[in-house]
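# What follows is a predicted protein model with its sequence.
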Number of protein chains: 2
Amino acid sequence: METKQVMVKMILDRWNALTKNCDTILNAVTDEQLQKEIAPGKNRGIYLLGHLIAVHDDMLPLLSLGDKQYPDLYEPFLKSPDKSGAVVPSAKELRDIWSKQSEFLAQKFSSLQPDEWFEKHSSVSAEDFANEPHRNKLNILVTRTSHLSYHLGQLVLLK
Amino acid sequence: METKQVMVKMILDRWNALTKNCDTILNAVTDEQLQKEIAPGKNRGIYLLGHLIAVHDDMLPLLSLGDKQYPDLYEPFLKSPDKSGAVVPSAKELRDIWSKQSEFLAQKFSSLQPDEWFEKHSSVSAEDFANEPHRNKLNILVTRTSHLSYHLGQLVLLK
C-alpha cells in the first residue's frame, strides 16, 4: 500500500471510529438528557451536538468539497456560547442533521484520492503552503478528529 | 519536505499541542480540585491524570523505545476503575511524573526518523503488518493523541 494511502486510512479510521462512538452515545441518551449540562454550570449536551455539527459543516469549504449545508448553525453554536438565548433546532432535529451529515461527509471523504488529501486546504495561500506542506486537507481532518474526541469525552458524561 | 516527514509533523504537532493544553489545565487547578470528580459520580481528576500517565507509559514498549517507567501505575489507573481503594501517588507526585514523562516522551519522539514511525509497532506480527501497514508506530501516537484529547475534554471541567 502506498504511503499516502496508509496515512489517509489511519486518519479516516480514527474519524469513522469517533463518529460511530458519537452515534453510540446519542443512542444511549434521551432528548431530555441531551438538554442537561454535562457538568454543573457547563455546556449542555444539545449545545455540544450543535457545535460539532457546525464545526464539521465548516470542513466542506475548507476541503473544497462544497458550500456549508447548515450555515444557520454557525451563529448559535460557534459564535455564541451555550444558553445565549438563540433559537436553536430541537434535539430531535439535531440528531437527524448529525446522522445525515455523518453519512454525507463519509461519502465525500471516501471520494477524495490520497494525493488530494495532501493538497492545500482552502484557507492557506499557495505561497504559505509551499513552505508549510503540513497545512494540507488531511491536517484539517486530523485537527477536527481531535476536536471531536475532546467533546465526546464530555458528551459521554450525560449517560 | 518528504511526505512521511510531513505526516509525522502533523501528528507530533497535535500531540505536543495537547500535552501543552494539559499543562495549562493542570496549572489552572489546585491539588484539591484534582481530587474532585469531573462531574457528579464520574472519575476524579487525579484518576484521569494517573490514567493518562499509565497509557502514555505503555507507548514506550509499543514503540520499542524502552521499558515502562511507571509500571506501578498500571494496576490502579488502567486495570482498576477510580475509587477502587488502591494506594495511589499524591496529586503533587502525579504532576511531577506528568512533567518528567512529557519531556522524556518529547525527546524520544523527536529521536525517531520519519521512516521509523512507519515501521510496525511491537504488538503486531510481521505477517499481519505486511497486510496491514497502517498498524505502524505513528498510528499508536494517532490513537493516543485521540485518547488524550478525550480526557482533556473532561479534565477541563475541573476549572
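The structure has been received and is ready for your questions.
# What about residue A:41, how many residues nearby?
Neighbourhood size, residue A:41 [other Cβ atoms under 10 Å in any protein chain shown]: 6. For every residue, glycine as well, the C-beta is placed using N, CA and C.
# and it, which of the three is it?
coil (DSSP: H, G, I helix; E, B strand; the rest coil).
# Pop out the phi and psi values for it.
As for residue A:41, its main-chain torsions (degrees, to the nearest 10) stand at phi 80, psi 0.
# what's the distance between it and residue A:151?
According to Cβ to Cβ, to the nearest Å, residue A:41 and residue A:151 sit 17 Å apart.
# Same question for residue A:13.
Residue A:13 sits 19 Å away from residue A:151, going by Cβ to Cβ.
# which one of the two has more residues nearby?
Counted by other Cβ under 10 Å, residue A:13 and residue A:151 do not tie: residue A:151 has more neighbours, with 23 against 15.
# Verify the contact between the more buried one and residue A:51 for me.
Yes: if you go by Cβ atoms under 8 Å, residue A:151 and residue A:51 touch, sitting 6.9 Å apart.
# How many neighbouring residues does the residue nearest to residue A:92 when sequence neighbours are not counted have?
Once flanking residues are discounted, residue A:92 sits nearest to residue A:31: 6.2 Å by Cβ to Cβ, 6 or more residues apart in numbering or on different chains. Using other Cβ under 10 Å, residue A:31 is surrounded by 13 other residues.
# can you tell me which residues contact residue A:31?
Residue A:31 makes contacts with A:90, A:91, A:92, as judged by Cβ atoms under 8 Å, 6 or more residues apart in numbering or on different chains.
# Adding pLDDT, secondary structure and neighbour count, write these out as JSON lines.
Converted to JSON lines, the contacts of residue A:31 look like this (pLDDT from 0 to 100; DSSP: H, G, I helix; E, B strand; the rest coil; neighbours: other Cβ atoms under 10 Å in any protein chain shown):
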{"residue": "A:90", "pLDDT": "96", "secondary structure": "coil", "neighbour count": "12"}
{"residue": "A:91", "pLDDT": "97", "secondary structure": "helix", "neighbour count": "21"}
{"residue": "A:92", "pLDDT": "97", "secondary structure": "helix", "neighbour count": "10"}
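# Which residue would you name as the spatial centre of chain A?
Geometric centre of chain A, nearest residue: residue A:56, 3.1 Å, by Cα atoms, centre = their mean.
# If you count contacts, what does the strand or helix carrying that one end up packed against?
If you go by DSSP states H and E, residue A:56 is part of helix A:45-57. In terms of contacts (3 or more Cβ pairs under 8 Å, 6 or more residues apart in numbering or on different chains; DSSP states H and E), helix A:45-57 is packed against helix A:31-34, helix A:91-111, helix A:137-155.
# Contacts for that helix, please.
A:22, A:26, A:29, A:33-38, A:43, A:68-71, A:73-74, A:76-78, A:82-83, A:88-89, A:91, A:94-95, A:97-98, A:101, A:105, A:144, A:147-148, A:151, A:154-155, A:158.
# Next: stretch A:88-98.
Applying Cβ under 8 Å, 6+ apart, the contact partners of stretch A:88-98 are A:22, A:26, A:31, A:34-35, A:46, A:49-50, A:52-53, A:70, A:73, A:76-77.
# Please spell out the ChimeraX selection for the buried subset of these.
Buried members of the contacts of stretch A:88-98, defined by 16 or more other Cβ atoms under 10 Å in any protein chain shown, are picked up in ChimeraX with:
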select /A:22,26,34,46,49,50,52,53,70,73,76,77
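# Which single one of the contacts of stretch A:88-98 is nearest to residue A:61?
Nearest to residue A:61 out of the contacts of stretch A:88-98 is residue A:70 (Cβ to Cβ; 12.4 Å).
# and the nearest residue to that closest one once chain neighbours are set aside, what pLDDT?
Leaving aside its chain neighbours, residue A:70 sits nearest to residue A:57 (4.9 Å; criterion: Cβ to Cβ, 6+ apart). Note for residue A:57: predicted pLDDT of 98.
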